[in-house]
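Here is my input; please provide its structure:
(one chain, ligands or ions: 1)
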Amino acid sequence: MGRGMSTDHPERPRRNFYGRFKGKSLKQSQKTYLDEDLAALAPGAVGWKENPTRENLDLDSLFVGKPVWLEIGFGGGEHLVHQAASNPDVGIIGAEPYINGVAMLLGKIRKAGVENLAVHPGDARDLFDVLPDQSISKAFLLYPDPWPKTRHHRRRFVTQEHLEPLARVLKPGATLRVATDIPDYVRQTLEEVPKAGFDWLAERPDDWRVSWEDWISTRYEQKALREGRAPHYLTFRRQG
Ligand SMILES: C[S@@+](CC[C@H](N)C(=O)[O-])C[C@H]1O[C@@H](n2cnc3c(N)ncnc32)[C@H](O)[C@@H]1O
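This next block holds a predicted model:
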């Protein structure tokens, strides 16, 4: 048994997740979305019970040959649905462990009627385990949890524990977008993401001060703006 493996399952790595899985009680409509829609949208075989040997997901059959994008921590899902609606020729997978957020996303999917989405209701690292190498063309990490205390910085997504598997599943030349309102998160992102094999594409301040052309502001960004914090939009390219 390798390091970091738990004893209850021979292959399952022991991973600490410090965020929230559940918030206030779900509305009846949200429970209905979860009951009726989630199973059909969740890519099969991400769970350890269904796929104990960690066979790769068959993305070609999931999205019939479309390029695949990934949004990590989609929160309420506004950006995910916006990108899916604007890019019908792409398949997008969203990962989010917070079930209230997943339920909000499902409501938005019903309203928008988009069909090019898959949802992993869990930690993105479990999804990385079953994504083929070099299979994703674009990834979004939008307002990841800031973990402001210095002793908690190692919980941030922009650590090698998360970035290495992310780099592995991205195609050479793939884009990674990171948005954050926390200056120290910018610092850590600019330190850690290049170490994982990415180039930062900014050439002038407007490249990180001005949002992407196809951007839609997220709930978390709205909160940051209300509270007077400035967004930063960082664009990286996977080397290779
Ligand atoms: C600050 S919120 C931002 C949500 C949304 N992107 C937005 O901009 O409104 C960060 C989100 O990342 C999710 N998250 C944290 N760790 C994660 C992980 N390992 N995999 C996937 N999502 C994660 C949290 O549950 C939370 O919903």
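
Spell out which residues of the protein are next to the ligand.
Residues of the chain lying close to the ligand (Cβ under 6 Å from any ligand atom) are 19, 72-75, 95-98, 101, 123-125, 142-145, 218-221. For the C-beta atoms, the positions are set from N, CA and C on the backbone; glycine is no exception.

Pull out the buried residues from the helix or strand of the chain with the lowest mean pLDDT.
Sorting the helices and strands of the chain by mean pLDDT, DSSP states H and E puts helix 59-63 at the bottom, at a mean of 93. By neighbour count on 16 or more other Cβ atoms under 10 Å, the buried set for helix 59-63 is 59, 63.

repeat for stretch 158-169
158, 162-163, 165-169.

Can you lay out the residues you listed as CSV showing secondary structure and pLDDT?
Conversion of those to CSV gives the following (DSSP: H, G, I helix; E, B strand; the rest coil; pLDDT from 0 to 100):
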residue, secondary structure, pLDDT
158, coil, 98
162, helix, 97
163, helix, 98
165, helix, 98
166, helix, 98
167, helix, 98
168, helix, 98
169, helix, 98
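
out of those residues, who's nearest the ligand?
Nearest to the ligand out of the buried residues of stretch 158-169 is residue 162 (Cβ to the nearest ligand atom; 6.8 Å).

Apart from its neighbours in sequence, what residue is nearest that closest one?
Excluding the flanking residues, the one nearest residue 162 by Cβ to Cβ, 6 or more residues apart in numbering is residue 125, at 6.6 Å.

Report all helices and strands that the helix or strand hosting that neighbour contacts.
Using DSSP states H and E, the element containing residue 125 is helix 124-130. Helix 124-130 sits against strand 68-72, strand 91-95, helix 160-169, with contacts defined as 3 or more Cβ pairs under 8 Å, 6 or more residues apart in numbering; DSSP states H and E.

Please repeat the previous calculation with a cut-off of 7 Å.
Here helix 124-130 touches strand 91-95, helix 160-169, going by 3 or more Cβ pairs under 7 Å, 6 or more residues apart in numbering; DSSP states H and E.

CA atoms only: put it into CSV for me.
Presented in CSV, the C-alpha positions along helix 124-130 are these (Å, rounded to 0.1, in the frame of the first residue of the first chain):
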residue,chain,number,x,y,z
ALA,A,124,-12.1,17.6,-8.5
ARG,A,125,-9.3,15.4,-7.4
ASP,A,126,-11.5,12.3,-7.6
LEU,A,127,-12.4,13.4,-11.2
PHE,A,128,-8.7,13.8,-12.1
ASP,A,129,-8.1,10.2,-11.1
VAL,A,130,-10.4,9.0,-13.9
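
Excluding chain neighbours, what is closest to the residue nearest the centre of the chain?
Per Cα atoms, centre = their mean, the C-alpha nearest to the average position across the chain is that of residue 72, at 0.6 Å. The spatial neighbour of residue 72 that comes closest, neighbours along the chain excluded (Cβ to Cβ, 6+ apart), is residue 124 at 4.5 Å.

Tell me, how many residues neighbour the closest residue to residue 20 other than its chain neighbours?
Closest residue to residue 20 apart from its sequence neighbours, by Cβ to Cβ, 6+ apart: residue 98 at 5.5 Å. Neighbours of residue 98 under the rule other Cβ atoms under 10 Å: 19.

contacting residues for residue 21?
97-99 (Cβ atoms under 7 Å, 6 or more residues apart in numbering).
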